[in-house]
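# Here's a sequence, model it:
(one chain, ligands or ions: 1)
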Amino acid sequence: MGYSYIMPVIHTKGKTIQLTTTFDTMKVLVATEKPFAKVAVDGIRKVTEEAGYTLALLEKYTSKQQLLDAVADADALIIRSDVVDAEVLDAAKQLKIVVRAGAGYDNIDLNAATGHNVVAMNTPGQNSNAVAELALGLMVYAVRNFYNGASGAELMGKTLGIHAFGNVGRNVARIAKGFGMNVIAYDAYCPDEAMTAAGVTPVHSAEELYKQADIVSLHIPATAETKGSINKKLLNLMPKGAILVNTARKEVINEDELVQLMTERTDFKYVTDIMPACDVKMRELFADRYFSTPKKMGAQTAEANINAGIAAAKQIVDYLKNGNTRFQVNK
Ligand code: 3PG
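Prediction:
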């Protein structure tokens, strides 16, 4: 796999890549422990086959070895939260590009990808409405006491604090405004004007956000800077009856301190789409104030799968044929 009869070479940002031709037999592997909807896979197949490539599928795999075996002859790889580390890259001898069909790429070892001369990309924005809708769904579920029949509360008139105003945060703001919420946001990297244009009030520190918000919705990526940053001190600033919604990453939470806080503050609720390591303990201690989906499902809609999966396939073709590195994240 992966050879050409004609192999033109281009140089881009210090890297040398082979441009492909219609004679190529490039193999694109979709490796998804959590599979896309079939309609999305059909779309990915169409894009890859129209480019003259072959498509292979590894879905619902249960061991890393299956992934290591499957990547051996892949020229391009489409993944979701699947981990692509140095071991996977070592096994993927033909690999030229890996595309994370989604936003967060903390599951790819970027340095190892660069070291293996593999381009890593994401597909920003393609699944963000799906994640945002789930965030609002979790909010409704929490204010209605997990649908236990007891009188709850409404979202209208409550202050929602959006922590990070990227693609998902913006969609959350749009939907929350439809609910009649007062939306504020904090994002050190986003200009105030972008927030005000969206009808959102900017605040200028995380502390200010947590002080003012009845509900905080997390949309920060998991980075060295953010891991464990959502801690007791910050959460304790939230007013009585506070709700924390996490559709981002579990790693950003300081779980020990969250347990401490929820032990001390019996008014505090935590709803998440990413099961914490301390899930069993949380369920035992806070049965009526804690909920986690069994498997991350924010982006698990046909629409998001189609958008992100087909974008990933198109980015692969555009890179292999034209050298387009627009969405590269390991520059
Ligand atoms: C993302 O980063 O795009 C979301 O967390 C969705 O992840 P998933 O594709 O594993 O559902």
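# Tell me if stretch 224-240 is near the ligand.
No: for stretch 224-240 and the ligand, the contact criterion (CB under 6 Å from any ligand atom) is not met; the two come no nearer than 13.8 Å. Heads up, the C-betas are built off the backbone N, CA and C, glycines and all.
# Show me which residues of that stretch are buried.
226-227, 229-232, 234-235, 237-238 (16 or more other CB atoms under 10 Å).
# how many other residues sit next to the closest residue to the ligand within the stretch 201-331 of the chain?
Closest residue of the stretch 201-331 of the chain to the ligand, CB to the nearest ligand atom: A299 (3.6 Å). The tally of other residues near A299 (other CB atoms under 10 Å) stands at 28.
# swap in E264?
So E264, with other CB under 10 Å, has 10 neighbours.
# low pLDDT regions in the protein?
For the chain, residues meeting the criterion pLDDT under 70 lie at 1-24.
# and it, which of its residues are near the ligand?
Checking the chain against the ligand by CB under 6 Å from any ligand atom, the hits are 34, 80-81, 102-104, 127, 296, 298-300.
# Could you rerun that using 5 Å?
80-81, 102-104, 299 (CB under 5 Å from any ligand atom).
# Take the residues you listed and lay them out in TSV including secondary structure.
What follows is these, written out as TSV (DSSP: H, G, I helix; E, B strand; the rest coil):
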residue	secondary structure
R80	coil
S81	coil
G102	coil
A103	coil
G104	coil
A299	coil
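# Would you point out which residue of this protein is nearest the ligand?
Counting by CB to the nearest ligand atom, the chain gets nearest the ligand through G102, at 2.5 Å.
# okay but that residue is in contact with S81, surely?
Yes: look at G102 against S81 with CB atoms under 8 Å: they come within range, at 7.5 Å.
# what about these two, which has more around it?
G102 (26 against 18).
# one step back: give me the common contacts of G102 and S81.
Listed as contacting both G102 and S81 by CB atoms under 8 Å, 6 or more residues apart in numbering is no residue at all.
# circling back to that earlier point, between the residues of the chain next to the ligand, which is closest to L95?
R80 (17.0 Å; CB to CB).
# so what's that closest one up against?
32-34, 36, 100-102, 299.
# got it, and E59?
30, 32-33, 35.
# Swap in 10 Å and give it another go.
E59 makes contact with 30-36, 41 under the criterion CB atoms under 10 Å, 6 or more residues apart in numbering.
# now, which of these lie within strands?
Of the positions in the contacts of E59, 30-32 sit in strands, assigned by DSSP state E.
# Pipe those into a markdown table and attach neighbour count per row.
Below are the ones in strands among the contacts of E59 laid out as a markdown table (neighbours: other CB atoms under 10 Å):
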| residue | neighbour count |
| --- | --- |
| V30 | 29 |
| A31 | 22 |
| T32 | 22 |
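# returning to that earlier point: so which of the buried residues of stretch 224-240 belong to helices?
Under the assignment DSSP state H, the buried residues of stretch 224-240 contribute 232, 234-235 to helices.
# For the closest residue to V119 other than its chain neighbours, grab the count of nearby residues.
Nearest residue to V119, sequence neighbours excluded (CB to CB, 6 or more residues apart in numbering): I97, at 4.6 Å. By other CB under 10 Å, the residues close to I97 number 24.
# No further queries at this time; thank you.
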